[in-house]
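**Q** Structure for the following, please:
(one chain, ligands or ions: 1)
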Amino acid sequence: MLFKQQAWLRQKLLVLGSLAVGSLLYLVARVGSLDRLQPICPIEGRFGGARSQAEFPLRALQFKRGLLHEFRKSNNASKEQVRLHDLVQQLPKAIIIGVRKGGTRALLEMLNLHPAVVKASQEIHFFDNDENYAKGIEWYRKKMPFSYPQQITIEKSPAYFITEEVPERIYKMNSSIKLLIIVREPTTRAISDYTQVLEGKERKNKTYYKFEKLAIDPNTCEVNTKYKAVRTSIYTKHLERWLKYFPIEQFHIVDGDRLITEPLPELQLVEKFLNLPPRISQYNLYFNATRGFYCLRFNIIFNKCLAGSKGRIHPEVDPSVVTKLRKFFHPFNQKFYQITGRTLNWP
Ligand code: A3P
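**A** Numbering: from 1, shown residues only. The predicted structure is shown next:
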């Protein structure tokens, strides 16, 4: 009896033992096969090969943007990194040519939320600065951020809009480039322009004229068209120079006042103009009550507002001067609406 029980126990232990060994062997084999099934590929392997924009998953682009972040910040990726990640410095396919104080920085930063857009962080001033222009197109290209061939580079230099030589120079680089112009109600823009200069003077402890003194000719009591802040706001005059080189279809007008209060629809119009799939959403833009402006949300971790130099408090301006300026700009605005096909309901 005792012998029978011992044999039964031995048999049970044997079964349990082989089960344990079997499970162990199975686990070893499973981990090994998982390892083989999900190798940790180098980035090059995952994204290598020829691809078109259409087959390039935008989520992947977003991932790549993460990788690019450091390169872009320092602009000093090693040759090996550049080769490994298939990076290039591309000439811009679109340029924000102006207008100064129209919201050019906000527009550039907001467009940069799009996974297929890469911004040139600094204003390059290639086409408006003779010294830079003399350095040649390769110098300009080298100033561009690293990007993937499927992405588009965008730069902004608001001085381009008002500088005589620029349209011809840009045309010579790329006659089919897309041109973005962000405008604000002309009098508000002129006051914003003045406020920026005033702040610069105050920083240097210098005194400066009042806006009214600059904007109105004291001898004639008429609007002073020699004052640069006034001239810049005569949008149609500048646009007419550009139209000698580019057809109107190559321009897109962004309503800078609406970009402040309701940025998403304005950005969606730009996405369409640039033939980009709609990727910027309400999630990417949130209103920051302290700042009084919309700020940018790239993902759950990374968000940012524009610098404090954007959104300055304007000085009080004599209402009669504001009225005079608005009356002065009115016919130019009508012409601008007519040429561009975009009516902006300015007073
Ligand atoms: P103000 O400082 O007059 O308010 P630019 O970048 O071309 O210099 O334009 C500056 C203007 O961008 C600011 O003018 C501000 O009103 C406007 N702007 C538009 N959207 C903004 C945002 N989200 N944050 C800060 N400023 C913004």
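**Q** which residues does Y235 contact?
**A** For Y235, the contact set (CB atoms under 8 Å, 6 or more residues apart in numbering) comprises 99, 181, 183, 186, 332-333, 336. For the C-beta atoms, the positions are set from N, CA and C on the backbone; glycine is no exception.
**Q** What is the nearest of those to P158?
**A** Nearest to P158, judged by CB to CB, of the contacts of Y235 is V99 at 6.1 Å.
**Q** doesn't P186 make contact with the closest one?
**A** No - V99 is beyond contact range of P186, at 9.3 Å (criterion: CB atoms under 8 Å).
**Q** so what sits against both of those two?
**A** Common neighbours of V99 and P186 (criterion: CB under 8 Å, 6+ apart): 233, 235.
**Q** Pass me the low-pLDDT residue ranges in this structure, would you?
**A** Applying pLDDT under 70 to the chain flags residues 1-84.
**Q** quick one, strands of it?
**A** Assigned strands in the chain, in chain order: 88-89, 94-98, 117-119, 146-147, 152-156, 178-183, 251-255, 285-288, 293-297, 303-304 (criterion: DSSP state E).
**Q** Adding distance to the ligand and mean neighbour count, write those out as JSON lines.
**A** Formatted as JSON lines, those follow (distance: least, CB to the nearest ligand atom, whole Å; neighbours: other CB atoms under 10 Å):
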{"stretch": "strand 88-89", "distance to the ligand": "24", "mean neighbour count": "16"}
{"stretch": "strand 94-98", "distance to the ligand": "8", "mean neighbour count": "27"}
{"stretch": "strand 117-119", "distance to the ligand": "13", "mean neighbour count": "24"}
{"stretch": "strand 146-147", "distance to the ligand": "22", "mean neighbour count": "23"}
{"stretch": "strand 152-156", "distance to the ligand": "8", "mean neighbour count": "23"}
{"stretch": "strand 178-183", "distance to the ligand": "7", "mean neighbour count": "24"}
{"stretch": "strand 251-255", "distance to the ligand": "10", "mean neighbour count": "22"}
{"stretch": "strand 285-288", "distance to the ligand": "8", "mean neighbour count": "14"}
{"stretch": "strand 293-297", "distance to the ligand": "3", "mean neighbour count": "19"}
{"stretch": "strand 303-304", "distance to the ligand": "10", "mean neighbour count": "12"}
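**Q** Can you report how many residues lie near E240?
**A** 12 (other CB atoms under 10 Å).
**Q** same check, this time on P115
**A** P115: 22 neighbours (other CB under 10 Å).
**Q** ok, it touching S281?
**A** No - using CB under 8 Å, P115 is not in contact with S281; the gap is 11.8 Å.
**Q** The stretch 1-150 of the chain against the ligand: which residues are in contact?
**A** When proximity is defined by CB under 6 Å from any ligand atom, the stretch 1-150 of the chain lies next to the ligand at 100-106.
**Q** T163 - nearest residue in space that isn't next to it in sequence?
**A** D128 (4.0 Å; CB to CB, 6 or more residues apart in numbering).
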